[in-house]
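# One predicted model, sequence on top.
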2 protein chains.
Amino acid sequence: MSERRTQILEAAVRVIAQDGVRGLRIPKLATEAGVSTALIYYHFSDRAGILRAALDHINQRARQYTRPALAGSDDPRTRVERMLLLELQDDEGIRLNSIAWGELRASATFHPDLREPLQASTGAWNADVEALVRQARDNGSVAGDVDPAAAAERLTALVEGLSERWHSGSLTLGRARRLLTQAIVLELRP
Amino acid sequence: MSERRTQILEAAVRVIAQDGVRGLRIPKLATEAGVSTALIYYHFSDRAGILRAALDHINQRARQYTRPALAGSDDPRTRVERMLLLELQDDEGIRLNSIAWGELRASATFHPDLREPLQASTGAWNADVEALVRQARDNGSVAGDVDPAAAAERLTALVEGLSERWHSGSLTLGRARRLLTQAIVLELRP
DNA sequence: GTCTATACAGAGATAGAC
DNA sequence: GTCTATCTCTGTATAGAC
């Protein structure tokens, strides 16, 4: 992956987080990346190609900041909490990524070609949380009658719902985090 | 409200549900409504005006199909369930409405002028569910230590998260409904 | 690889007849 | 109220020089 490609993709994440997938304009992306529109077409096939590459880029970034929580040394129950709360954070980088990711999710409703990568990422996230829940259950820090798959799916879906309300100004970050923390208790029980 | 206006708004809901807010094209809307583009500008100020009116229209439709569940004669606990599951249904009209609603929610992240109406609708929905939960609690069909406001907010946010996964093909309708039903039990307890 | 300049299509919006 | 015709602007994408 060339320098330039990365530079353009980083700019794309910023533009998507600001204007949405639907609002991404090639001239604006060019300005944001500090290059000409022609150069963008030299590195990417077309607008759809840019979008696909940007999504991929967003996923990789997410996987990066997610890994530590997944593999940390704390007990699994704590790691579940940390991993879920990760998406509801004020860190600039994570916030941009989260907004862009939400946009991708919403766009997939209307662009079937985005569905497959979306499903893959969502599935991977679910599976990670599920594995942690299962560990925690075997470990005794989570009630024995909990269904790890269902709990994980509900909690990640809740994170998405809360995130969207946060991004669209219907919910403060603090309240979103509190609601999620309580949901984790209800799902996993102490 | 004139016939024509309504006809155009109904068409707008269909187009938004199919192509999204960003994908709404005036010429396509005109075709869908069976009128000329000029007539649309006769009835609405501009594109943004159409969007605002469409959002309002969607809300009113939602309130209509929501009312029966709200005021039904069953016990409140049953009504909570019915009201939440309402959004996850295969009925064509409700599905279109739900998709369009999700689109507007997602768009509000990037269009501040959509935030206020969005907050109002979300708040009204939350309040309705909260009131039912409170009734059910006073009535004994819901555990006494449940926080009606928090439970309502979590459940509606979960509905939105599950809906979006359903619309984008990451989750089947049946599984979404099952996950939600279980969440209601966890939140309210029998 | 990167730019400037530009072709081309499609969208929003209006003029003016009926 | 409603249409046909059209103007204008913006966005995607490419040609061709460097």
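On my side now, so go ahead. Residues are numbered from 1 along each chain as shown, chains lettered A, B, ... in the order given.

# From here on, just use CA atoms for contacts and neighbour counts.
Will do.

# Just the element for A:Gln89, please.
Using DSSP states H and E, A:Gln89 sits in no helix or strand.

# isn't it right up against A:Leu173?
Yes: assessed by C-alpha atoms under 8 Å, A:Gln89 is found in contact with A:Leu173 at 7.5 Å.

# so the most far-flung residue of chain A relative to its centre, which of the three states?
Going by C-alpha atoms, centre = their mean, the residue of chain A most distant from its centre is A:Ala38, 30.3 Å out. Following DSSP: H, G, I helix; E, B strand; the rest coil, we place A:Ala38 in the helix state.

# Next, the buried residues of stretch A:67-76.
Buried residues in stretch A:67-76, counted by 16 or more other C-alpha atoms under 10 Å in any protein chain shown: A:Ala69, A:Leu70, A:Pro76.

# which SS class is the closest residue to A:Pro76 other than its chain neighbours?
Leaving aside its sequence neighbours, A:Pro76 sits nearest to A:Ala136 (C-alpha to C-alpha, 6 or more residues apart in numbering or on different chains; 5.0 Å). Taken by three-state DSSP, the conformation at A:Ala136 corresponds to helix.

# check contacts around A:Ala136.
By C-alpha atoms under 8 Å, 6 or more residues apart in numbering or on different chains, the contact list for A:Ala136 reads A:Asp75, A:Pro76, A:Arg77, A:Val142.

# Just the closest of these to B:Arg5, please.
Distance to B:Arg5, by C-alpha to C-alpha, is smallest for A:Arg77 among these, at 54.5 Å.

# does the closest one belong to a helix or a strand, and which?
Per DSSP H and E, A:Arg77 falls inside helix A:76-85.

# What helices and strands are in contact with that helix?
helix A:47-71, helix A:115-138, helix A:148-167, helix A:173-188 (3 or more C-alpha pairs under 8 Å, 6 or more residues apart in numbering or on different chains; DSSP states H and E).

# Relative to the whole chain's centre, how far out is that helix?
Chain-centre distance of helix A:76-85: 15 Å, with C-alpha atoms, centre = their mean, to the nearest Å.

# got it, and stretch A:135-153?
23 Å.

# now could you export just the CA positions of it as PDB?
Extracted as PDB, the C-alpha positions of stretch A:135-153 are listed here (Å, rounded to 0.1, in the frame of the first residue of the first chain):
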ATOM      1  CA  GLN A 135     -14.700 -17.500  28.900                       C
ATOM      2  CA  ALA A 136     -16.200 -15.400  31.700                       C
ATOM      3  CA  ARG A 137     -19.000 -17.800  32.100                       C
ATOM      4  CA  ASP A 138     -16.700 -20.900  32.400                       C
ATOM      5  CA  ASN A 139     -14.700 -18.800  34.700                       C
ATOM      6  CA  GLY A 140     -17.600 -18.100  37.100                       C
ATOM      7  CA  SER A 141     -17.800 -14.300  36.700                       C
ATOM      8  CA  VAL A 142     -20.900 -14.600  34.600                       C
ATOM      9  CA  ALA A 143     -24.100 -16.500  35.500                       C
ATOM     10  CA  GLY A 144     -24.200 -20.000  34.200                       C
ATOM     11  CA  ASP A 145     -27.500 -19.800  32.300                       C
ATOM     12  CA  VAL A 146     -26.400 -17.000  30.100                       C
ATOM     13  CA  ASP A 147     -26.500 -17.700  26.300                       C
ATOM     14  CA  PRO A 148     -23.200 -16.200  25.100                       C
ATOM     15  CA  ALA A 149     -24.200 -15.800  21.500                       C
ATOM     16  CA  ALA A 150     -27.500 -14.100  22.200                       C
ATOM     17  CA  ALA A 151     -26.000 -11.900  24.900                       C
ATOM     18  CA  ALA A 152     -23.200 -10.800  22.600                       C
ATOM     19  CA  GLU A 153     -25.500 -10.100  19.800                       C
END
